[in-house]
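Novice: got a predicted structure here, sequence first:
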Amino acid sequence: MRRALLTTAAAALAGAAIVSAQPGRSGAIIPPLSPRNANYTIAARLDPATRTITGSETITWRNITTIAATELQFHLYWNAWKDTRSTFMRERALGSSSDRERARTADDWARIDVTSIKVGGDDRTATKRFIAPDDDNPDDQTVMAVRLAQPIEPGGTATIDVEWSAHVPHPFARTGAIGDFFFIVQWFPKLGVLQDDGWNCHQFHASTEFFSDFGVYDVSLTVPGGWLLGATGVEVKRYANTDGTATYRYYQEDVHDFAWTTSPDYIERTARFEHPQLPAVEMRLLLQPEHASQAERHFDATRTTLRYYGEWFGPYPYGHITIIDPAYQSGAGGMEYPTLFTAGTRWLAPARVTTPEAVTVHEAGHQFWYGMVANNEFEDAWMDEGFNTYSTARAIAQVYDPNYLALRYFGGFVPWVFRDIALSRETEGNRLAGYRRDAESDAPSTPSFRYFPSTGGSITYNKTALWLNTMERWLGWPAMQRIMSTHFERWKFKHPKPNDFFDVVNEVAGRDFGRFFDEVYRSSDAFDYGVQDLKSEREGGQYRTTLVVRRFGEAIFPVDVAVTFRSGERVTERWEGVDRWKLYTYDRPSQALSAEVDPDRVLLLDIAATNNSRTLEPKGGAAATKWSLKWMVWLQDCLLSWAALV
Amino acid sequence: MMGAWRDGIRRVNGAPALLLGVWALTLLVSVPMAAAMRGMLAQHLGASLAADTAASGVNYDWMQEFSDQAAGLGVTFKPTILGFGAVLDNLSAFIDDTERPVVIVGAATVYIVLWIFVAGGIIDRYARDRPTRTVGFFTSSGVFFFRFLRLAVVQWIVYAALFGSVHPLLFGRLYPDLVREVAVERTAFAVRVALYLVFGGVVAACATVFDYAKVRAIVEDRRSMLSAIAEATGFIRRHAAAAASLFLANFALFTAVIGVYALVAPGAGRTGGSMWIGFAVGQVYVIARLWVKLVFWASETALFQSRLAHAGYVTRPDPIWPESPEADAI
């Protein structure tokens, strides 16, 4: 089969007309930025009618560890959607999967079957077997192991030829087809990462993503003629075949994955990012026709990312980026792949609401936190998702402030913007509300794939963003920027672990943050400081003010405590926050007016900010009256809706 | 039909006490619940400085914190209560059959029972097209309450079937099947709107039948609600164009009220005078909605009378206060 595909490609090379190419862009990067130890040459053909992909690949793999490889381990991600017995589906059942999702017709499920595998020309197909290193699930077929006839010694290289076929599912976890829209990702047999302690090749889990080595991808894709195709890398050739199909060849160096999409319905737009200190980037946008008017919003958001991430962390080196606006219901929105990402917008997308901007900035931002700084997303997902949530919120605040809350009605189609509710970077951008609900669900140091599926995101994304922003408010942005840029520079095109980041923090900040990381990373404890009591009563010629502050939560963080007096005097104390409570007493000629714990809201992880303050001139009653009157009109309208049936 | 519509509006405007009465009814149910909500909000805010921003505008962080710890009534305190969002939220919840907390369902049930009680008095007043005074109003309310309760049983069965079976069928099964391979949001929305029209049309048709059943029960002093429903259906069938046109005219009034409120609905505002002005605007909207509901009944009554009776005709004699034993003795 592989030979047939290569023959087709060769025939196309020889005889078919070159439809187009993109001059000046080759996907080549000199000198290499990464180890390039896992290089893939792939040829694949999509049959939309049967939703089938047949493919072959040649992997040139170099062992860059200190141990010999006695077997190879491959990810076969699409087998996660083969049936309901996979680990992915079992975990989904714990979380958010619907009966409808599980009750799919046979054609809606996916599969990937490796039909042949040769190592150095030696057919090893008979030795392939499925393993389940994470949970011993005998029904999970997302990891395939192949025994080697000869170990591959450290520094040794192997050439691996694989042939496979796969069925494209109705969308599952951003993968699949709907109508004529195909989004094909995590789609080819892909090597795990060999480390000094063995293979790191996890099963596909419901709440985590991927991990692989950097390399060179040279991929030829055959799809129906006239369909637009977008993919990782640069299109270096395009051929029309005699059978009505077209073959696109994409090439990219120094990436660790390859994704592609095709549809006859895409419209294409291009633009360019330019910056005095950063490399120019050609932007290509494949857009749904119903979103044609939003093209510039996608480009602006991508420019925002390339500019601010580039200025803060380091430059984007690839020179091109592809933005995919996925089809409605494809479930492909908001996902990152090297040099390509999916945005996500709606047909009705009001201005000053950050759809599609927030998701575009976030996914473009993953080119930095995931694409270049390539941590293990199975084990330490917070290192890319959390870093990127923090960075996204910061970038959005530079350009799209203010932006407002919008809620959707009538099946989620009709948006309404609440101009009274401007969203703040600190709480909304870093997603405090979600964290508050799930604060104690898991310690971040737990391998991410072991987080409880339905609450894992709150730890991965929200908690990390909140503690990073807490660090920024604690240390100041200049120090935080140095930390992030040092980490980026040191670990780009590598696979950093949590301690690598913690070491950078300690080194750049010049102090030991071990206690802080114990709380925010190694613990699931919640932070909650508050004012227990404030009294200020006349005693003689003075006012005696007593203030009791408390640590309601288990987690510890040093906080300021501020007391404001009617004279305007403001006293700020530093409380290490270790004890469960502390009493402050003041004798002043002026009565106290209010007291606050953490008045500057440094500790964004505090899950109950309302109890952080107390005033002797409370407005709680007035505020409650105002809001209950608002609510009453809502209730009356609700009652009237149902009274229509009387 | 236009004559009946104008006549209905005239009859409603000619009996402002009824409008004020049903507004009072609405307040009767909503004020105690608002007081309970106020207590929850005040307790959560306490003496916190967070109340300052909540008083002067929106403290969204506090709102979310409140929402996260809230139970019962408190879970309904969300940003959607603000301004026109409240209307969208309720319309959307109605047509999407969104589940509401038990306490809201309970309040709605009480409200509906109160409406069932006053329905006889209201329609009787409009049917007679002359003042019936308090005595007449409550006498008619009492006379028809148990008849309308029996009618309500039928209504409940019909609406339970519509919302419990037809709605899930349309939106839980048919809609996903129809849009299964739809990759264009506009198309999916068009499908949903079409299903809204189908479902809304059926609900509106049923509501109209039940309205005319009430009208016939009062005008013709019917005791059997099943026969009233049958005769109402017959009337609508024989005067389909007029009944449908009248419904659409009334629905246009409803849409106009909603549209105007979309333009003037107050936002968060501050405490103090502006808070009360905002509340007053909300109450004017509520009164306008109630007015539209009454126009539905009055215009349907007028249409029925214009086709099968005559204006102001009601079979049952004018309700009069029974003479006291002392007066009887005289």
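Specialist: Received it, and whenever you're ready, just let me know what you need. Residues are numbered from 1 along each chain as shown, chains lettered A, B, ... in the order given.
Novice: surely A:Thr560 is in contact with A:Leu603?
Specialist: Heads up, residue A:560 is Asp, not Thr. No: assessed by CB atoms under 8 Å, A:Asp560 is found out of contact with A:Leu603, at 9.7 Å. No exception for glycine: its C-beta is placed from N, CA and C like everyone else's.
Novice: more neighbours, the two?
Specialist: Ranked by neighbour count (other CB atoms under 10 Å in any protein chain shown), A:Asp560 and A:Leu603 place A:Leu603 first, with 24 against 15.
Novice: tell me the contacts of B:Gly72?
Specialist: B:Pro101, B:Val102, B:Val103 (CB atoms under 8 Å, 6 or more residues apart in numbering or on different chains).
Novice: so which residue is dead centre in chain A?
Specialist: Chain A has A:Glu385 as the residue nearest its centroid, 4.1 Å off, counting by CA atoms, centre = their mean.
Novice: kindly report the domain assignment for chain A.
Specialist: If you go by automatic domain parsing, the domain ranges for chain A are A:393-520, A:529-615.
Novice: in the chain, which helix or strand is least confident?
Specialist: Defaulting to chain A. When the helices and strands of chain A are scored by mean pLDDT, DSSP states H and E, helix A:2-15 comes last with a mean of 41.
Novice: and the contacts of B:Gly72 as CSV, adding neighbour count?
Specialist: Formatted as CSV, the entries for the contacts of B:Gly72 read as follows, by neighbours: other CB atoms under 10 Å in any protein chain shown:
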residue, neighbour count
B:Pro101, 15
B:Val102, 10
B:Val103, 16
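Novice: about what we covered before: ok so the residue nearest to the centre of chain A is a helix residue?
Specialist: Yes: A:Glu385 forms part of a helix when assessed by DSSP: H, G, I helix; E, B strand; the rest coil.
Novice: distance-wise, check it relative to chain B.
Specialist: From A:Glu385 across to chain B, the span is 21 Å (CB to the nearest CB, to the nearest Å).
Novice: neighbours of A:Gly344, just the number please.
Specialist: For A:Gly344, using other CB under 10 Å, the count is 21.
Novice: for it, which non-adjacent residue is spatially closest?
Specialist: A:Gly333 (2.8 Å; CB to CB, 6 or more residues apart in numbering or on different chains).
Novice: do the same with B:Arg289
Specialist: B:Arg289 sits nearest to A:Leu640 (CB to CB, 6+ apart), 4.9 Å away.
Novice: what does A:Asp108 give?
Specialist: A:His170 (3.9 Å).
Novice: go ahead and confirm that neighbour touches A:Ile178.
Specialist: Yes: at 6.8 Å, A:His170 counts as touching A:Ile178 under the criterion of CB under 8 Å.
Novice: which strands or helices does the helix or strand hosting the residue nearest to B:Arg289 pack on?
Specialist: Taking DSSP states H and E as the criterion, A:Leu640 maps to helix A:620-643. Counting by 3 or more CB pairs under 8 Å, 6 or more residues apart in numbering or on different chains; DSSP states H and E, the packing neighbours recorded for helix A:620-643 are helix B:16-45, helix B:50-56, helix B:85-95, helix B:102-128, helix B:273-308.
Novice: turn the ones you listed into TSV, including distance to B:Trp62.
Specialist: Shown next, in TSV, are the helices and strands packed on helix A:620-643 (distance: least, CB to CB, whole Å):
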stretch	distance to B:Trp62
helix B:16-45	7
helix B:50-56	5
helix B:85-95	18
helix B:102-128	22
helix B:273-308	17
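Novice: let's have those helices in JSON lines, adding mean pLDDT.
Specialist: Converted to JSON lines, these look like this (pLDDT from 0 to 100):
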{"stretch": "helix B:16-45", "mean pLDDT": "98"}
{"stretch": "helix B:50-56", "mean pLDDT": "97"}
{"stretch": "helix B:85-95", "mean pLDDT": "98"}
{"stretch": "helix B:102-128", "mean pLDDT": "96"}
{"stretch": "helix B:273-308", "mean pLDDT": "96"}
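Novice: and of the ones you listed, who's closest to A:Arg473?
Specialist: Minimum separation from A:Arg473 across those (CB to CB) falls at helix B:50-56, 18.7 Å.
Novice: list the buried ones in the closest one?
Specialist: Buried positions in helix B:50-56, judged by neighbour count with 16 or more other CB atoms under 10 Å in any protein chain shown: B:Ala50, B:Ala51, B:Asp52, B:Thr53, B:Ala54, B:Ala55, B:Ser56.
Novice: just stretch B:217-230 next, same as before
Specialist: For stretch B:217-230, burial by neighbour count (16+ other CB under 10 Å) applies to B:Ala217, B:Ile218, B:Val219, B:Glu220, B:Arg222, B:Met225, B:Ala228, B:Ile229.
Novice: roughly how far does the residue most central in space within chain B sit from chain A?
Specialist: Taking CA atoms, centre = their mean as the criterion, B:Lys293 is the residue nearest the geometric centre of chain B, at 6.4 Å. Look at B:Lys293 and chain A: by CB to the nearest CB, they are 7 Å apart.
Novice: what's the answer for B:Gly164, then?
Specialist: Counting by CB to the nearest CB - B:Gly164 and chain A are separated by 13 Å.
Novice: all helices for chain A, in order.
Specialist: A:2-15, A:87-94, A:99-102, A:295-312, A:357-365, A:382-399, A:432-438, A:456-457, A:464-475, A:477-491, A:498-509, A:514-520, A:620-643 (DSSP state H).
Novice: try the stretch 101-250 of chain B
Specialist: For the stretch 101-250 of chain B, the helices defined by DSSP state H, counting those that start in this stretch cover B:102-128, B:133-161, B:167, B:175-178, B:185-219, B:225-238, B:240-264.
Novice: out of the contacts of B:Gly72, who's nearest A:Phe452?
Specialist: Among the contacts of B:Gly72, and counting by CB to CB, the member closest to A:Phe452 is B:Pro101, at 26.2 Å.
Novice: tell me how many other residues surround residue 178.
Specialist: No chain was given, so I picked chain A. Quick note: A:Ile178 (other CB under 10 Å) scores 22 neighbours.
Novice: the intended chain is chain B.
Specialist: 16.
Novice: now do A:Gly411
Specialist: 18.
Novice: now do it against B:Phe189, distance only.
Specialist: Distance, A:Gly411 to B:Phe189, using CB to CB, to the nearest Å: 8 Å.
Novice: do A:Thr262 as well
Specialist: 25 Å.
Novice: same check on A:Ala406?
Specialist: On the measure of CB to CB, A:Ala406 and B:Phe189 end up 16 Å apart.
Novice: how many residues are close by the nearest residue to A:Leu72 once chain neighbours are set aside?
Specialist: Nearest residue to A:Leu72, sequence neighbours excluded (CB to CB, 6+ apart): A:Val146, at 4.8 Å. Burial of A:Val146 is recorded as 21 neighbouring residues (other CB under 10 Å).
Novice: what's A:Val146 in contact with, if anything?
Specialist: By CB under 8 Å, 6+ apart, A:Val146 lies in contact with A:Glu71, A:Leu72, A:Gln73, A:Phe74, A:Ile117, A:Val119, A:Arg124, A:Thr127, A:Lys128.
Novice: any chance of the contacts of B:Gly72 in TSV, plus distance to chain A?
Specialist: Listed next are the contacts of B:Gly72 as TSV, based on distance: CB to the nearest CB, whole Å:
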residue	distance to chain A
B:Pro101	11
B:Val102	14
B:Val103	10
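Novice: phi, psi of the nearest residue to A:Pro498 once chain neighbours are set aside?
Specialist: Excluding its sequence neighbours, the residue lying closest to A:Pro498 (CB to CB, 6+ apart) is A:Asp380, at 5.7 Å. Here is the backbone geometry of A:Asp380 (degrees, to the nearest 10): phi -130, psi 60.
Novice: count the neighbours of A:Asp380 for me.
Specialist: 23.
Novice: is it true that it touches A:Ser448?
Specialist: Yes: applying CB under 8 Å, one finds A:Asp380 in contact with A:Ser448, separated by 6.3 Å.
Novice: the helix holding A:Leu640 vs helix B:273-308, what angle?
Specialist: Interaxial angle, helix A:620-643 versus helix B:273-308 (axes from the mean of the first three to the mean of the last three CA atoms, to 10 degrees): 10 degrees.
Novice: which positions in helix A:620-643 come out as buried?
Specialist: A:620-643.
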